[in-house]
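> show me how the following folds:
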Amino acid sequence: MINYKELIKNFTEEEFTRNRVNLHIHTTFSDGEGDFDKIVNQAQNFGYKYISITDHNTMDGYRFSQNANSSILIPGVEFDVWCGYVFMHLLAYGADKDHPQLQPFFAKDKKGTEMDIARIFSTRNLKKLIEAIHSAGGIAVLAHPACCWCISMDRFVGKLAQLGLDGIEVYYPYPRLRGILKFHSENSVIKAAEKYNLIKTGGTDCHSANLN
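Down below sits the predicted model:
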C-alpha cells in the first residue's frame, strides 16, 4: 500500500517547477476543459512522474475513468470550505474515495462541482472535513494560499495547522494564478510552511485541455 504522505513529502521543488510532478489539475468532472483519461495520457507522454487530478468536491473521475488506476496518479480532490471569514480551497491527497466519513463532503450535483456561485456557499465544517480526510487515509493541503483574503498568512496557517493541516501548496504559478485577487507573497507562504512544519506541495491549477 502506498504511503502518499511520505511520497508527497519527498517531492522536490525542481520536480514541481520542471513539470515532473503536478498535484493540482481539473477535468470535465468539475470545471476543467480536459478529459480525465486524456489528461492522464498526456502526463504519461510528457514524462511526468506523478500527477493528481483534483476536481472540485468530487472524486467521480476516479470512479468512472479508464485511467483512474494509472500508476502516475495520486488520488485527489479539492474541497470548497470556509475558515471563519476566509473562503479557501482544501486539497486532499491519497484519501479513499469510498470511505464513509468522506461521503457527506462530496458535491450532491454538478452545480456543486463547477459553479462558483454554488460552491462559494459551501457549508462544510473545516475541522470535520480535515478529520474525514485523515480517517480516509489522506492528507489535507491548503491550495493556492496567496489567494486567500486573510489579514495575516502566519495566523491563518497557524490556525489551520492546529486543526490538522498537513501541507501547503507552495510551488504554483504566482504571477498568473488569480493575479487580481492575490493578497500575499510567495515568501510569506514559504515562511508559514516552514514555521508550521508543513509539507510543501505544488501544482498549476490546470483547467485547460492541455496539461503543458
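> pretty sure residue 114 is touching residue 30, no?
Yes: with the criterion set as Cβ atoms under 8 Å, residue 114 and residue 30 qualify as a contacting pair; they are 5.3 Å apart. Any C-beta I mention is one placed from the backbone N, CA and C, and that applies to glycine too.
> any common contacting residues for the two?
The contact sets of residue 114 and residue 30 overlap at residue 56 (Cβ atoms under 8 Å, 6 or more residues apart in numbering).
> of these two, who's got more company?
For residue 114 and residue 30, the more surrounded residue by other Cβ atoms under 10 Å is residue 30, and the numbers stand at 24 against 20.
> the more buried one contacts residue 55, correct?
Yes: counting by Cβ under 8 Å, residue 30 does reach residue 55; the two are 3.7 Å apart.
> list the residues that contact both of these two?
In contact with both residue 30 and residue 55: 78, 113, using Cβ under 8 Å, 6+ apart.
> so what's the gap between stretch 150-167 and the chain middle?
Shown here is stretch 150-167, whose average C-alpha point lies 16 Å from the average C-alpha point of the whole chain (Cα atoms, centre = their mean, to the nearest Å).
> what's in contact with it?
5, 8, 83-84, 86, 126-127, 130-131, 134, 139-142, 145, 148, 168, 183-184, 188-189, 191-193, 195-196, 198-201.
> who does residue 76 bridge with?
Listed by DSSP bridges, the beta-bridge partners for residue 76 are residue 93.
> burial count for it?
26.
> got the contact list for it?
Contacts here follow Cβ under 8 Å, 6+ apart; on that basis residue 76 touches 23-24, 52-54, 59, 91-93.
> SS state for the residue nearest to residue 193 when sequence neighbours are not counted?
Computed as Cβ to Cβ, 6 or more residues apart in numbering, the closest residue to residue 193 that is not its neighbour in sequence is residue 168, at 4.7 Å. Three-state call for residue 168 (DSSP: H, G, I helix; E, B strand; the rest coil): strand.
> and residue 168, how far from residue 52?
Computed with Cβ to Cβ, to the nearest Å, the distance linking residue 168 and residue 52 is 15 Å.
> try residue 97
Here the distance between residue 97 and residue 52 works out to 13 Å (Cβ to Cβ).
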